[in-house]
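Q: next come a sequence and a model predicted from it.
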Amino acid sequence: MADLPTDAVHSILIKIQESIAALRMEVGQFRQDNRAEHERMEALIRKQRRDSAGMLVMMRAAAGDFDERVSAVEERMAALEARKT
């Protein structure tokens, strides 16, 4: 009778040890996958920041160009109105 519980405990401990080893491998793989995903997201965020900064520069340039053109039209209109009077 004493031999059976001892054998069962030994096999249970071996299975627990195997489960722990498998869990460690899964956790390690999860960390690698998570790290790769995190790096991918950081790269995407950097790209979006660059794109946003470029878009802001383009918008400012377009607004400046528009302002210059409106000013030129206003000057022409003022010159035409001055001629009429």
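A: In hand now; what should we look at? Residues are numbered from 1 along each chain as shown.
Q: distance check, residue 13 against residue 19.
A: According to C-beta to C-beta, to the nearest Å, residue 13 stands 11 Å off from residue 19. Backbone N, C-alpha and C define where each C-beta goes, glycine included.
Q: repeat that for residue 82.
A: Residue 82 sits 92 Å away from residue 19, going by C-beta to C-beta.
Q: then residue 9?
A: 15 Å.
Q: cool, and residue 52?
A: Counting by C-beta to C-beta, the gap from residue 52 to residue 19 is 48 Å.
Q: okay, now residue 50: neighbour count?
A: Other residues lying near residue 50 total 10 when counted by other C-beta atoms under 10 Å.
Q: give me the mean pLDDT for the helix or strand containing residue 61.
A: Using DSSP states H and E, residue 61 sits within helix 3-84. Helix 3-84 shows a mean pLDDT of 92.
Q: return the distance of that helix from the chain's centre.
A: Centroid separation for helix 3-84 versus its chain: 1 Å, with C-alpha atoms, centre = their mean, to the nearest Å.
Q: could you do stretch 76-85 as well?
A: 55 Å.
Q: just the C-alpha atoms of that stretch, please, in PDB.
A: The C-alpha coordinates for stretch 76-85 follow below in PDB (Å, rounded to 0.1, in the frame of the first residue of the first chain):
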ATOM      1  CA  ARG A  76      -5.800  94.900 -57.000                       C
ATOM      2  CA  MET A  77      -9.300  95.600 -55.900                       C
ATOM      3  CA  ALA A  78      -8.200  98.600 -54.000                       C
ATOM      4  CA  ALA A  79      -6.200  99.800 -57.000                       C
ATOM      5  CA  LEU A  80      -9.300  99.400 -59.300                       C
ATOM      6  CA  GLU A  81     -11.500 101.200 -56.800                       C
ATOM      7  CA  ALA A  82      -9.000 104.000 -56.700                       C
ATOM      8  CA  ARG A  83      -9.100 104.300 -60.400                       C
ATOM      9  CA  LYS A  84     -12.900 104.500 -60.500                       C
ATOM     10  CA  THR A  85     -13.000 107.400 -58.200                       C
END
